[in-house]
Structure formats: C-alpha cells, structure tokens
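S.K.: Quick one, structure for this:
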Amino acid sequence: MRRRNLLILLPTLPLAASLTACGFHLRGARNLAFKSLFITGKTGSVAAEVHRNVRLGTDTKIVDNPKDAEAVLYIDNDARGRQILSLNSQGQACELRLSLSVAYHLTDGQGRELIPPSDLTFTRDLTFSESAVLGKQDEEAALYRNMEEDVAKQLLRHLSVVKPRGGSAKPPEALKPESGTAASAAGALAAPAADPNKR
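M.R.: Okay, here's the model as predicted:
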C-alpha cells in the first residue's frame, strides 16, 4: 500500500515544479506596477521581512543594484518603543505597551517620488511579571516579530496601489469611497439625459 501511494504522488511532482517555474504564486498575491525593486536604507529584521513579502507575495524581482530597478524603496527608520501602562502595589511594572514605527518612501528608477515619506506604527500590550522574566522576554520578542509581519503586509498593500507612471500613491484607506459616493456616481451615470422638447 505504501508503494502504491508513492507511485500516485510521483506524477504530481513535475506539475508542482512547473507551476513554480512559470511564476505561480499563492492565493492573495499582489501584482505591483513595477517588476523590479531595490530596497535600501536601514537594514534589519523589518527590511528583511519586507524583502520576504515582496519576493513571496508578488511577481516583482528584488535586485541588488538600484540602476536595475524600476522602483526604489527606502526604509528610512524603524524604531521600537516600550511604555509602562500600569504598576503593581510594589511599584513594579505589570503592564507594558510595545510599539514598532517604520518610516519609508518610494521613488521610481529616475528618483521621482511615488510614495511620499510615510509612517506605519503598530502596538501590542503585554502583561509583565518579575517572577517570569525569561518567559515574558520570549513573549515580547514574539510580539515584535508579529508587528514586523504586520508592517511588511501593510507596506506591501501600499506598494500595490502605486500607479505605473507619474503621481504619488494614495494610502489604501484614501482609496475607499465615502458612504454613498459610489452609489450616487453610478446612479448619475445610469440616469438618461432629459429631453428638452418634452414637457
């Protein structure tokens, strides 16, 4: 039975390889207006996560030379924050707020602005105990990794609305029409023109 199962699985391997070779991406992948991207600026775990998201989630190629790139992403800064929210009866911190802020902007290969200087900030709350410092340190590190993933996903969403030529990209939230705006516009287009001879 085990040999039979192996024989059934073998024909699927060339298919999987061919899908990967032809640029197949997982469901939810985004198509960017530029097909090559150079990432520069502050290096670190945030830049690495952005690099990974672009490589795995789009058909855009990450290049090593800005001269070969249709667009250049600048990670201007990434900063972690740690704020005490509350203290226990002994005056020790018992609740913290962690934050991660990333500043970035995007230009095309000629240096023209595609995304103006922008910021992303994410926060997570963490209960803290002096009696379980090591466990809380692991939890804190996991929360920062989670925020880095969120930053990369949100930044990729912003990159996906960049127009191919000219103009700055609006943040994704700005692209959503206000309530009733889209319906009113559609109704105006669908309404027939009034006949000036008809009374």
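
S.K.: Do a quick rundown of the helices in this protein.
M.R.: In the chain, the helices defined using DSSP state H lie at 2-9, 12-21, 45-57, 133-159, 181-190.

S.K.: the bottom helix or strand of the protein by mean pLDDT?
M.R.: When each helix and strand of the chain is scored by mean pLDDT, DSSP states H and E, helix 181-190 comes last, with a mean of 35.

S.K.: In contact with Y104, which residues?
M.R.: G41, L73, Y74, I75, D76, I115, P117, S118, D119, L120, L155 (CB atoms under 8 Å, 6 or more residues apart in numbering). All C-beta atoms are positioned from the backbone trio N, CA, C, and that covers glycine.

S.K.: mind listing which of the residues you listed are in strands?
M.R.: Cross-referencing these against strands under DSSP state E gives G41, L73, Y74, I75, D76, I115, P117, S118, D119, L120.

S.K.: about what we covered before: can you select the buried ones from the contacts of Y104 in PyMOL?
M.R.: Of those, the buried ones go into a single PyMOL selection, burial set by 16 or more other CB atoms under 10 Å:
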select buried, resi 41+73+74+75+115+118+120+155
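
S.K.: And the contacts of Y104, which is closest to E140?
M.R.: Of all those, E140 sits closest to L120, with 19.7 Å by CB to CB.

S.K.: Could you list the low-confidence segments of the chain?
M.R.: Residue ranges of the chain with pLDDT under 70: 1-29, 131-133, 164-199.

S.K.: Could you rerun that using 90?
M.R.: Applying pLDDT under 90 to the chain flags the ranges 1-31, 42-43, 84-94, 127-137, 163-199.

S.K.: Among the contacts of Y104, which one sits closest to D64?
M.R.: Top of the list for closeness to D64, among the contacts of Y104 and by CB to CB, is L73 at 13.7 Å.

S.K.: Return the set of residues that bridge with the closest one.
M.R.: Counting by DSSP bridges, L73 is bridged to I39, L106.

S.K.: quick one: it and L159 touch, right?
M.R.: Yes: the pair L73 / L159 is scored as a contact, 7.4 Å apart, by CB atoms under 8 Å.

S.K.: shared neighbours of these two, anything?
M.R.: Common contacts of L73 and L159 (CB under 8 Å, 6+ apart): L106.

S.K.: Share the number of residues neighbouring T40, please.
M.R.: 13 (other CB atoms under 10 Å).

S.K.: send the alpha carbons of stretch 136-146 over as CSV?
M.R.: Extracted in CSV, the C-alpha atoms of stretch 136-146 (Å, rounded to 0.1, in the frame of the first residue of the first chain):
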residue,chain,number,x,y,z
LYS,A,136,8.0,37.4,29.2
GLN,A,137,11.1,38.2,27.2
ASP,A,138,10.2,35.4,24.8
GLU,A,139,6.7,36.7,24.6
GLU,A,140,7.9,40.2,23.9
ALA,A,141,10.2,39.0,21.1
ALA,A,142,7.3,37.1,19.6
LEU,A,143,5.1,40.3,19.7
TYR,A,144,7.8,42.3,17.9
ARG,A,145,8.1,39.7,15.2
ASN,A,146,4.3,39.8,14.8
